[in-house]
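In: need coordinates for the following:
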Amino acid sequence: MWNDDVTPMDVVISVLENIFQKDFATAVVITLSIHLSDKGIVGAYPMEQAFKLVETAENYLKRIGQDTLVMTVEEA
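Out: Numbers count the residues shown, from 1 in each chain. As a prediction, this is how the structure comes out:
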């Protein structure tokens with residue numbers, strides 16, 4: 001997940017909690033890491049699952065009008 005100057009932190013936390021199933025404390029730590037480092041690792045998933053999670057998150061963000069958040073899947 002990449003930092004941007006548009007997406008509010010609470011939206012990022014919501015995506016991490018609701019799509020990636022992170023607890024609130026973990027979601028906050030990941031969000032702050034992304035904010036400070038310009039990108040952050042959300043987790044390690046099998047490739048197919050990672051693409052599905054990103055697709056689900058992108059669809060959710062589009063529905064709420066916050067589609068500026070960029071997520072990428074990278075091989076470990």
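In: quick one: the helices in this structure?
Out: Remark: helices assigned in the chain by DSSP state H are 9-18, 24-37, 47-63.
In: any chance of the ones you listed in a markdown table, with mean pLDDT and mean neighbour count too?
Out: From N, CA and C alone the C-beta is placed, and that goes for glycine too. Rendered in a markdown table, the data for the helices of the chain read as follows (pLDDT from 0 to 100; neighbours: other CB atoms under 10 Å):
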| stretch | mean pLDDT | mean neighbour count |
| --- | --- | --- |
| helix 9-18 | 97 | 18 |
| helix 24-37 | 97 | 15 |
| helix 47-63 | 97 | 14 |
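In: of all those, which lies closest to W2?
Out: Distance to W2, taken as CB to CB, is lowest for helix 24-37 among the helices of the chain, at 7.2 Å.
In: name the helices or strands packed onto that closest one?
Out: helix 9-18 (3 or more CB pairs under 8 Å, 6 or more residues apart in numbering; DSSP states H and E).
In: measure the residue nearest to A50 when sequence neighbours are not counted to E17 for me?
Out: Nearest residue to A50 in three dimensions, chain neighbours excluded: V73, at 4.5 Å (CB to CB, 6 or more residues apart in numbering). Using CB to CB, to the nearest Å, we find V73 at a distance of 20 Å from E17.
In: do the same with E75
Out: From E75 to E17 the distance is 25 Å (CB to CB).
In: check the residue lying closest to Y60 once chain neighbours are set aside and give its pLDDT.
Out: In space, Y60 comes closest to I19 once its chain neighbours are excluded; the distance is 6.4 Å by CB to CB, 6+ apart. At I19, the predicted lDDT confidence score is 98.
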